[in-house]
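A.B. asks: Here is the input, now give the coordinates:
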Amino acid sequence: MDVQRLRVLRELADRGSVTAVAAALSFTPSAISQQLKTLADEVGLPLTEPAGRGLRLTDAGHALVVEAERVLAALARAEAAVERLRTQPRGVVRVALFPSGARMLLPGLLRRLDAEPGIELQCRDVDMTPAEVPALAADFDIVVSHRDETAPAPPTTRWQVVPLLREPLDVALPPGHRLARRRRLRLEELADEDWISVGVGWPVDDVLRSLAVATGATPRVVQRINDFAVTEELVAAGHGIALLPRYSTDDRGGRRLVCRPLAGVRAGRLVEAVLRTSTAQRPAVGAVLDALRAEADALTAGRTRSPRGR
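C.D. replies: Sure, this is the predicted structure:
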């Protein structure tokens, strides 16, 4: 089987359409379709089937994609073996980070990589749901994602998932709030509050909804804002309360926001780096992963105490 055709099949699995694969690999859609047909002929089984106006993988197609990832990973390991003969990792590494993760990790990551002049880091902030991470991993070498700690982890058959940190979520209140002097808060006593959450299906909203299921108290969400910086401004102005991540929230030492943990429940999000197993073989990518882990470890080591005033 031709390696390039296996790569085309993998891209179809990740990108979902022949048009998207053609754009990513700089081919015409008809050329991609021909590559898929030739691969199916080589295998002797149909690898795709019609789905509306597009294509989807058959069971044989899905099985071959898993094996294709292993083949491409082996090739990447061979390339990495040659790369390691050089004096230092080198090359472009593309990183996507969810916005508050970029706020939390990116300045330190860039500082750490100053010691790796052969690596060119290209970063982009992307507002992502967990379901969008595999497709992003097709366009970026590393995707720094976040998810509710009760949600299932991404599959590891074709992706490498590197845990970075667990970030607690606290209730953010305006300083003059009636509960601002409390050390801990119960979700039940916040039932009459106006909540500012994120879009449905995004990780922090998943946490809020799972807490509601556990306690039986349904929060009244009045605004849905995905930009935590905007949410901070709204809470500070008294327009509602919110669950906000502990390490990346700008509370100005309690002068702008008062952040309190929830009593009796664990509320947090898991921050992870997700990448294709083949991509993980590149020395430059490994160096960026090491720097990400070091930055996350330093951040959590300095923030293991409870937030101020608790």
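
A.B. asks: my guess is residue 38 contacts residue 5, does it?
C.D. replies: Yes: taking CB atoms under 8 Å as the definition, residue 38 is a contact partner of residue 5 at 6.3 Å. For glycine as for every other residue, the C-beta is placed from the backbone atoms N, C-alpha and C.

A.B. asks: what about the two, which has more around it?
C.D. replies: Between residue 38 and residue 5, counted using other CB atoms under 10 Å, residue 5 has the larger neighbour count: 21 against 14.

A.B. asks: quick one, what contacts that one?
C.D. replies: Under the criterion of CB atoms under 8 Å, 6 or more residues apart in numbering, the neighbours of residue 5 are 35, 36, 38, 39, 42.

A.B. asks: Next, it: phi, psi?
C.D. replies: Torsion angles at residue 5 (phi, psi; degrees, to the nearest 10) stand at phi -70, psi -40.

A.B. asks: And for residue 8?
C.D. replies: When read as degrees, to the nearest 10, the backbone of residue 8 gives phi -60, psi -40.

A.B. asks: got the contacts of residue 5 as CSV, with secondary structure, distance to residue 240 and pLDDT columns?
C.D. replies: Output for the contacts of residue 5, formatted as CSV (DSSP: H, G, I helix; E, B strand; the rest coil; distance: CB to CB, whole Å; pLDDT from 0 to 100):
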residue, secondary structure, distance to residue 240, pLDDT
35, helix, 52, 92
36, helix, 50, 94
38, helix, 57, 93
39, helix, 54, 93
42, helix, 59, 90
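
A.B. asks: Spell out which residues sit in contact with residue 109, please.
C.D. replies: So residue 109 contacts 95, 121, 288, 291, 292, 295 (CB under 8 Å, 6+ apart).

A.B. asks: And the pLDDT for it?
C.D. replies: Residue 109 carries a pLDDT score of 97 in this model.

A.B. asks: go on, the one 4 residues further on?
C.D. replies: Note on residue 113: pLDDT of 95.

A.B. asks: Quick check: it touching residue 289?
C.D. replies: No: counting by CB under 8 Å, residue 113 stays clear of residue 289, with 11.3 Å between them.

A.B. asks: beta partners for residue 94?
C.D. replies: residue 122 (DSSP bridges).

A.B. asks: shouldn't residue 167 be in contact with residue 249?
C.D. replies: No: with contact defined as CB under 8 Å, residue 167 does not count as touching residue 249 (9.8 Å).

A.B. asks: Tell me the buried residues in stretch 147-155?
C.D. replies: Using 16 or more other CB atoms under 10 Å as the test for burial, stretch 147-155 gives 147, 148, 149, 154.

A.B. asks: Residue 199: neighbour count?
C.D. replies: 12.

A.B. asks: Look at it and report its pLDDT.
C.D. replies: Listed pLDDT for residue 199 reads 89.

A.B. asks: Distance of it relative to residue 127?
C.D. replies: To residue 127, residue 199 is 9 Å away according to CB to CB, to the nearest Å.

A.B. asks: Find the residues that touch each one of the two.
C.D. replies: Taking CB under 8 Å, 6+ apart as the contact rule, residue 199 and residue 127 both touch residue 226.

A.B. asks: my read is residue 163 is in a helix, agree?
C.D. replies: No: per DSSP: H, G, I helix; E, B strand; the rest coil, residue 163 lies outside any helix segment and is strand.

A.B. asks: Tally up the residues packed near it, please.
C.D. replies: The burial count for residue 163: 12, using other CB under 10 Å.

A.B. asks: neighbouring contacts of stretch 218-237?
C.D. replies: With CB under 8 Å, 6+ apart as the test, stretch 218-237 has contacts from 99-100, 103, 127, 172-174, 187, 190-200, 202, 205, 208, 212, 239-242, 244-245, 248-250, 256-257.
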